[in-house]
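In: Curious how this folds, go ahead:
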Amino acid sequence: MFVRESVMIDGRPLTFETGRLAKQAHGSVLISFGESSVLVTVVSSSERPGLDFFPLTCEYVEKTYAAGKIPGGFFKREGRLRDYEILASRLMDRPLRPLFPKGYKKDTQVIATVLSADKVNPTDVLALTGASAALSISDVPWAGPIVGIRVARIDGQFSAYPTFAQSEMADIDLVVACSKDAIIMVEGGADEASESEIIDALMFAHEQSQPIIELIEKMQAAVGKPKREFSVPTLDEGIARRVAELADGKLREACVIKDKHARYDAYAAIKTEVVETLTRELGEEQWAEVEKLVKAEIEHRKAEVVRGMVLDTGKRIDGRDTKTVRPITCEVGLLARTHGSALFQRGETQAIVTATLGTASDEQKIDALTGESWKQFMLHYNFPPFSTGETKPMRGPGRREIGHGALAERALVRMVPKHDKFPYTIRVVSEVLESNGSSSMASVCGGTLALMDTGVPLRRPVAGIAMGLISEGERVAILSDILGDEDHLGDMDFKVCGTDKGITAIQMDIKIAGLERRVLEEALAQARDGRLHILDRMLETLREPRAEISKWAPRITTMKVKPDQIRVIIGPGGKTIKGITEQTGCDVNVEDDGTVSVAGVDPDAVKRALAIIEGLTAEPEVGKVYKGTIKRIVDFGAFVEILPNNEALLHVSEIAYERVEHPSDVLEEGQEIEVKCISVERDGKTRLSRKELLPVPEGYVPRPPRSSEGGGRGEGGGRREGGRGRPGGGRDRGERRPRRD
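Out: Residues are numbered from 1 along each chain as shown. Predicted coordinates for the structure are as follows:
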C-alpha cells in the first residue's frame with residue numbers, strides 16, 4: 001500500500017513515503033526535506049546460533065550521484081565509508097539499539113542511502129528519523145518511534161532542522177534523538193554555552209519532535225505490519241534466587257577492589273564458583289539447558305549489586321563517593337622531537353597526546369556531497385588493544401575510534417585560533433595507553449595541554465569529564481568521572497567538555513524515560529564542578545600556551561600582495577614559486593586574496609624567501625635609487641628593469657647633463673646602471689633619471705621650468721618664439737585662418 005504523508009517543520013514539509021520503493025525489505029521509507037531524500041530500509045533475518053550479542057549494523061551511505069557528482073579516484077565508484085558517513089551511522093546506531101528487546105539476536109541491518117542531496121539540508125538526521133519510521137512499520141520488534149532532530153541557535157533563536165549555512169552561524173548545534181516522553185541521545189557542540197542554555201535546546205528539540213512522532217504513529221497504524229512474536233527465555237525464579245544467594249555477598253566484596261584487573265579476576269572467580277556449585281546441584285542435563293541463562297544472571301546480579309551499593313551508601317566500585325574525581329597527573333614536553341606533547345592520567349586511564357604544526361599543503365581535503373572543503377584542524381584518536389590488556393588484530397581505525405576522535409575534536413576546535421590569525425594546519429593525535437573509563441575525555445584534556453605545549457594560542461583551555469546516572473524510582477545518584485563498569489550499568493552516561501566559561505561539546509546516551517529537567521540541571525551542574533576541578537589540575541602543570549612555538553615546528557610568516565601580483569609570484573607553469581622553494585627550502589603558499597604564507601624551520605631561510613617575494617612584488621617609489629639592467633634601447637631612451645618584471649623608461653634627456661644624440665652612444669643593452677625614480681604616473685608608468693645621480697658639470701645652467709603661459713620652452717631647445725622652431729613661420733594665436741571662397 002502506497003502512503004505519502006507530510007508534516008510542516010518551520011514552514012517546510014518533511015515528507016515520508018512508503019510502499020513504492022524497496023518493497024522486499026521488511027521496512028522501507030523514503031524521507032525527504034527540501035530536495036534532499038534518503039531511502040532507509042530495515043531487514044532482520046535469522047538468528048545465528050551461539051551468538052551472545054545483538055548483531056545490529058547501521059549503515060549510512062552517500063551516493064555521489066545524489067549531488068550530481070562523479071566519484072574521484074581511479075575506480076570511479078563509491079568505496080569504503082568516509083568519516084562523515086561513519087559518524088552518521090553511529091548517530092543511527094546509538095539511539096536505535098537500546099529499543100530492541102533484550103535477548104533479540106537476529107541479524108538486523110538498517111541501511112540509509114542518500115539518493116538526492118540539495119547541498120542545503122543535512123541528511124544525517126533524516127536518516128535517523130527515516131530509520132525510526134522504517135522500523136515502526138516493519139514486523140521487527142522495536143519500542144519506537146523516535147525522531148532525530150538537529151537544533152541550532154542563531155542570534156539567540158532556536159531553529160529545528162537548520163540548513164548547512166545556518167549551522168555554520170550557530171553558537172549551539174546539537175543532534176537530539178527524542179521519543180514521545182524522553183530524550184534518548186544528544187550529540188553536538190557549542191561556543192561555550194551555559195548548562196541552562198543546553199537544556200533549553202534539548203527541551204526545544206523534544207517539543208519540535210512531537211508532531212513528527214505523531215505522523216510516524218499514524219503511518220504505523222495505517223500500513224504497519226504486525227510485529228513478529230518474540231519471547232526471551234527466562235531463568236526459573238528458584239534458580240535465579242539461588243544465583244543471588246551464591247553471588248551477591250562475594251560480589252559486594254569484589255566490586256570495591258580498586259585495581260581493575262584484580263577486580264575482574266575476582267569476578268571471574270565468583271562466576272566459576274557459582275557455575276561449579278550449580279552444576280553439581282542441578283546435574284549435567286539440567287545445567288546444559290540453563291547454562292547461558294545462569295551466566296547472564298550472574299552479570300545481572302553484578303550490576304544490581306553495584307547499583308544498590310551506590311544508591312544505598314553513596315559508595316562506588318573503587319570506594320569513591322559520587323562526586324570525587326580520580327587522582328590526576330599531567331606532564332608536558334616529554335617527547336623531544338614532537339612539536340608539543342602531553343601525558344594525561346586520571347585513575348587507570350592514560351593518554352599520551354601530541355600536537356603537530358603544518359603548512360597549507362598539510363590541510364585535509366574533504367570531498368563531500370556538499371562540495372570540496374579544506375580542514376585545518378584534525379584530532380585523531382587511537383585505541384590499541386594493550387590499553388585494556390587485550391590482544392586484537394591491528395587494523396585501521398574503527399567506528400569507535402572515529403567517533404571518539406570526532407567528539408574530542410569538536411570540544412577543542414572552537415578554541416583554536418582562526419586560520420588568518422594562526423596560519424598553521426594542526427594535527428592532534430591521542431594514543432590511549434591505559435583505559436578504564438572515558439579515554440575520549442582524557443584525549444580532550446591531553447589535547448589541550450599538547451596544544452599549549454606547542455605554543456598554539458588557544459582562546460581558553462578545555463577539559464572534559466564523563467558522567468553517569470543511576471535511578472531507581474525517586475532515588476537518583478549522579479556519578480562524576482565514571483569507570484568502564486559504571487558506563488555499562490548506569491541509566492545515563494554523558495560526556496561534557498568545555499572551558500571555565502561554558503560547554504564546547506556534549507554527548508549523552510539516556511536509557512530511561514521521563515528524565516526531569518531538574519535532574520538534567522543537577523547532572524550538568526555536577527559535571528561543571530568536575531570539569532573545573534580537572535582544569536585546575538591541568539593548569540597547575542602549564543598555566544598558558546608557550547610564548548614561542550616549538551623550535552622543530554615550521555615558522556610561518558604571512559604577507560599581503562595585490563591579487564594581480566599573484567601571477568608574478570607563481571610564474572609561468574609555477575616556475576617562479578618552485579624556484580623560491582628550491583632556493584630556500586621553504587614552503588610558499590599563495591591565497592586568492594593575495595595572502596602569501598612562507599613556512600620553514602630555518603628563520604634565515606624564511607627571511608630569504610620573503611625578501612625574494614618582496615622583490616618580485618615591490619613597486620617603484622619616487623625618489624628611490626635602484627640598480628637596474630638595461631633591457632632595450634630605443635631612439636627616445638632606454639627601458640631599465642629596476643625590479644623583477646618591472647621596466648621603467650629612462651628618457652634620452654635624463655641620461656646625462658650634456659646632450660645625447662642617441663641612447664646607444666652612452667648605454668648598451670645588458671649594462672647595469674644606477675637610476676633614480678623621478679615619477680610614477682597613475683597608469684603605472686615610471687620615469688627614471690640617470691642624470692640626477694651624476695656630478696653637475698661646472699657652469700651648467702639648468703633649463704627653466706616649462707612655462708604655463710605661451711607654451712614656449714625658452715633657451716636650451718624646444719619651441720622658439722614665433723612657433724614650431726621656424727622664425728616667423730607661425731600664426732599669431734589670435735589670428736584666424738582666412739576662409740576659402
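
In: Going by C-alpha atoms from here, please, whenever you check contacts or count neighbours.
Out: Noted.

In: What are the boundaries of the strands in the stretch 451-600 of the chain?
Out: Assigned by DSSP state E, counting those that start in this stretch, the strands in the stretch 451-600 of the chain fall at 463-472, 475-480, 492-498, 503-510, 555-560, 587-590, 595-600.

In: Make TSV from those strands and add distance to residue 147 and mean pLDDT to it.
Out: Output for the strands of the stretch 451-600 of the chain, formatted as TSV (distance: least, Cα to Cα, whole Å; pLDDT from 0 to 100):
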stretch	distance to residue 147	mean pLDDT
strand 463-472	23	94
strand 475-480	27	93
strand 492-498	19	94
strand 503-510	14	95
strand 555-560	47	86
strand 587-590	46	88
strand 595-600	45	88
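
In: closest one to residue 546 among those?
Out: Residue 546 lies closest to strand 555-560 among these, at 14.7 Å (Cα to Cα).

In: Each with direction, which strands does that closest one pair with?
Out: Strands that pair with strand 555-560, judged by DSSP bridges, come out as strand 595-600 (antiparallel).

In: which strands and helices sit next to the following helix or strand past the partner strand?
Out: Per DSSP states H and E, strand 595-600 leads on to helix 603-617 as the next helix or strand towards the C-terminus. Applying 3 or more Cα pairs under 8 Å, 6 or more residues apart in numbering; DSSP states H and E, we find helix 603-617 packed against strand 555-560, helix 566-570, helix 575-584, strand 595-600.

In: Need the contact partners of the longest one.
Out: Counting by Cα atoms under 8 Å, 6 or more residues apart in numbering, helix 575-584 makes contact with 568, 569, 570, 571, 586, 587, 588, 605, 606, 608, 609, 612, all of which sit outside it.

In: now do 7 Å
Out: Contact with helix 575-584 is made by 569, 570, 571, 587, 588, 605, 608, 609, as judged by Cα atoms under 7 Å, 6 or more residues apart in numbering.

In: now swap in the first one and tell me
Out: Under the criterion Cα under 7 Å, 6+ apart, residues 423, 594, 595, 596, 597, 598, 599, 600, 601, 603 lie in contact with strand 555-560.

In: Name the residues of it that are buried.
Out: Residues of strand 555-560 classed as buried: 555, 556, 557, 558 (neighbour count, 16 or more other Cα atoms under 10 Å).

In: Could you export those as a markdown table, including distance to residue 73?
Out: Shown next, in a markdown table, are the buried residues of strand 555-560 (distance: Cα to Cα, whole Å):
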| residue | distance to residue 73 |
| --- | --- |
| 555 | 33 |
| 556 | 32 |
| 557 | 34 |
| 558 | 33 |
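
In: For residue 366, state which of those residues is nearest.
Out: Residue 366 has its nearest neighbour among the buried residues of strand 555-560 in residue 556, at 23.5 Å by Cα to Cα.

In: what pairs with that closest one across the strands?
Out: Under DSSP bridges, the beta-bridge partners of residue 556 are residue 599.

In: any idea how far it lies from residue 223?
Out: 63 Å (Cα to Cα, to the nearest Å).

In: returning to that earlier point: mind checking the strands of the stretch 451-600 of the chain for the one nearest to residue 360?
Out: The closest of those to residue 360 is strand 587-590. By Cα to Cα, the value is 6.8 Å.

In: quick one: strands adjacent to that closest one?
Out: strand 595-600 (antiparallel).

In: ok so residue 343 is a strand residue?
Out: Yes. Assigned with DSSP: H, G, I helix; E, B strand; the rest coil, residue 343 falls within a strand.

In: Skipping adjacent residues, who's closest to it in space?
Out: Nearest non-adjacent residue to residue 343, counting by Cα to Cα, 6 or more residues apart in numbering: residue 352, 4.5 Å away.

In: I'd like the strands of the stretch 451-600 of the chain laid out as TSV, including distance to residue 146.
Out: TSV is the format used below for the strands of the stretch 451-600 of the chain (distance: least, Cα to Cα, whole Å):
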stretch	distance to residue 146
strand 463-472	22
strand 475-480	25
strand 492-498	17
strand 503-510	13
strand 555-560	49
strand 587-590	49
strand 595-600	49
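
In: ok, which stretches of the stretch 301-450 of the chain are strands?
Out: Remark: strands assigned in the stretch 301-450 of the chain by DSSP E, counting those that start in this stretch are 328-332, 340-346, 349-358, 364-368, 371-375, 377-382, 425-434.

In: between those, which gets nearest to residue 544?
Out: Smallest distance to residue 544 across the strands of the stretch 301-450 of the chain (Cα to Cα): 12.1 Å, for strand 328-332.

In: pLDDT on that closest one, on average?
Out: Regarding strand 328-332, the rounded mean pLDDT is 97.

In: State the pLDDT value of residue 714.
Out: Value for residue 714, per-residue pLDDT: 38.

In: for the residue lying closest to residue 1 once chain neighbours are set aside, what are its contacts?
Out: Sequence neighbours aside, residue 19 is the residue nearest to residue 1 in space, at 5.2 Å (criterion: Cα to Cα, 6+ apart). By Cα under 7 Å, 6+ apart, residue 19 lies in contact with 1, 2, 3.

In: give me that answer again for 8 Å
Out: With Cα under 8 Å, 6+ apart, residue 19 has these contacts: 1, 2, 3, 28, 29.

In: among those residues, which one has the lowest pLDDT?
Out: Ranked by pLDDT, those bottom out at residue 1 (82).

In: now that one: how far from residue 7?
Out: Per Cα to Cα, residue 1 is found 20 Å from residue 7.

In: what's the answer for residue 119, then?
Out: 21 Å.

In: Specify which residue of these two has the higher count of neighbours.
Out: More crowded of residue 119 and residue 7, by other Cα atoms under 10 Å: residue 119, with 19 against 15.

In: Got the phi and psi for the residue nearest to the more buried one when sequence neighbours are not counted?
Out: Ranked by Cα to Cα, 6+ apart and with sequence neighbours excluded, the top spatial neighbour of residue 119 is residue 370, at 4.8 Å. For residue 370, the backbone dihedrals are phi -80, psi -10 (criterion: degrees, to the nearest 10).
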